[in-house]
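K.L.:
I'd like to go over a predicted model; first the sequence, then the structure.
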Amino acid sequence: MDRVFEIGPNYRNEGISPRHNPEFTMLEAYPAFGDYETMMELLETMITRVAEKVVGTLVIEHKDAEGNVTRTIDLSRPWPRVKYKELIREKGGADWFDISPNERRQRPSISARRSPRTTRISRSPTARSRN
């Protein structure tokens with residue numbers, strides 16, 4: 001076999017909250033003789049095809065309660081590919097890997113502040129509490 005995949009339900013013995021659901025469906029895929037580039041290509045292809053079939057487009061608009069577009073996501077290929085270390089250095093500074101954890105916490109570019117693009121999900125009144 002040159003590749004195998006499995007789609008199945010997963011259950012974790014963890015708490016449930018408005019931000020975490022311990023039940024989910026997972027896809028695992030393993031191409032023979034593939035590497036991370038192979039997996040990136042697989043995911044890029046899969047996500048764009050699903051978006052085209054489900055949404056009908058590769059340009060998805062997020063709208064607020066009034067119907068105003070708040071963010072547009074363009075899934076058109078090719079997607080940018082950047083190494084993780086490069087992103088950390090870009091956001092945290094070229095010396096990020098040479099400084100102490102305490103110094104890292106002081107960097108405003110990697111602070112715990114919420115970015116303007118972050119949106120909190122409000123809790124449904126029908127959601128069960130963990131209490």
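P.N.:
Alright, I've got the coordinates. Numbers count the residues shown, from 1 in each chain.
K.L.:
For the helix or strand where Arg71 lies, name the packing helices and strands.
P.N.:
Assessed by DSSP states H and E, Arg71 sits inside strand 69-74. Helices and strands touching strand 69-74, by 3 or more C-beta pairs under 8 Å, 6 or more residues apart in numbering; DSSP states H and E, are strand 59-63. (C-beta placed from N, C-alpha, C; glycine too.)
K.L.:
rewinding a little: quick one: the strand holding Arg71 to strand 59-63, angle?
P.N.:
160 degrees (axes from the mean of the first three to the mean of the last three C-alpha atoms, to 10 degrees).
K.L.:
Next secondary structure after strand 69-74?
P.N.:
The element immediately downstream of strand 69-74 (helix or strand, assigned by DSSP H and E) is helix 84-92.
K.L.:
so how far is that next one from its chain's centroid?
P.N.:
17 Å (C-alpha atoms, centre = their mean, to the nearest Å).
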